[in-house]
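Chemist: The amino acid sequence is not available; the structure is as follows:
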C-alpha cells in the first residue's frame, strides 16, 4: 500500500499539473516522434523538431521558466536540488524513451538536465514522477504538519544526513523493545539520542 496524500493534497491548489504527449503536436506523419540515430546503433532517438513543435504549441516557443531534460547525463537529484526546484514559479519536464534525446534538445531547448540516479530506465516517465512527487511535497499545504518536512532525511535540520529511527506502539513485540530513552519522557535525552542516531546512520 502507498500513501498518496501529500501529492493529492497539493494538486489543484499550489500545483497546476499539465501533461502533454509529443504525438499530439508532432509535425510528422502517423504520430512519429523518434527516429534512428545518425551513425547507426540500436534504439530510437527523440527528435529535436518534435520537442520544438511541442514547446511552440504549448508556450509559443521555449518558455522563460526552467525547462528540464530528464537524462542520465544531468545533475544527480538530491534534496538540495529538490528545494531549489520547489522554489521555482513554473517548471517544464521533458522525458524521452529508449536511447533518449537528440543532443540538440538538452543543448538548445532545455535550460537544465537532471538524473534521478546512476542507472538506466526504459523511459523518462518514472524520473518525471519521482521529481514531481519530491517537489510537490515541498509546496505549502502538501504535508499534514509543517514540521514533518523540516526534520527528515537530507534536511538542513539534520545537517543533510539520514533521519533517526522511529518507533510506535506496542512498546514490546516478540521481545523487540523500543529503546528506553524514547519512553523516558525526557525530551532533552530524546533529542540527543535522535541526533546521535542520525549522525551514526549518515556515517555508514
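Modeler: Yep, that arrived. These figures come from a predicted structure and were not determined experimentally.
Chemist: Can you pull up the most central residue in this structure?
Modeler: What sits nearest the mean C-alpha location of the chain, by C-alpha atoms, centre = their mean, is residue 131, with 1.7 Å.
Chemist: Tell me where the longest strand sits in this structure.
Modeler: strand 66-76 (DSSP state E).
Chemist: Give the rounded mean pLDDT of that one.
Modeler: Model confidence over strand 66-76, given as mean pLDDT, is 96.
Chemist: show me where pLDDT drops low in the protein?
Modeler: For the chain, the stretches with pLDDT under 70 are 1-13, 143-151.
Chemist: let's see it at 90
Modeler: Along the chain, segments meeting pLDDT under 90 span 1-17, 42, 97-99, 120, 122, 137-161, 203-204.
Chemist: Please report the distance of the residue of it positioned farthest from its centre from residue 166.
Modeler: Of all residues in the chain, residue 175 has its C-alpha farthest from the mean position, at 38.7 Å, by C-alpha atoms, centre = their mean. The gap separating residue 175 from residue 166 is 19 Å, by C-beta to C-beta, to the nearest Å. For the C-beta atoms, the positions are set from N, CA and C on the backbone; glycine is no exception.
Chemist: would you list every one of the strands in this protein?
Modeler: 34-35, 45-46, 66-76, 91-94, 112-115, 172-173, 176-177.
Chemist: what's the fourth one packed up against?
Modeler: Identification of packing neighbours for strand 91-94 by 3 or more C-beta pairs under 8 Å, 6 or more residues apart in numbering; DSSP states H and E yields helix 48-59, strand 66-76, helix 125-136.
Chemist: following that strand, which helix or strand comes up?
Modeler: Beyond strand 91-94 in the direction of the C-terminus, DSSP states H and E gives the next helix or strand as helix 104.
Chemist: Once you drop chain neighbours, what's closest to residue 113?
Modeler: Nearest residue to residue 113, sequence neighbours excluded (C-beta to C-beta, 6 or more residues apart in numbering): residue 74, at 3.2 Å.
Chemist: Does that neighbour touch residue 112 like I think?
Modeler: Yes: between residue 74 and residue 112 there is a contact at 7.4 Å, judged by C-beta atoms under 8 Å.
Chemist: list residues touching both of the two?
Modeler: residue 68 (C-beta atoms under 8 Å, 6 or more residues apart in numbering).
Chemist: Residue 63 is in contact with residue 56, isn't it?
Modeler: No: the pair residue 63 / residue 56 is not scored as a contact, 10.5 Å apart, by C-beta under 8 Å.
Chemist: Thanks a lot, catch you later.
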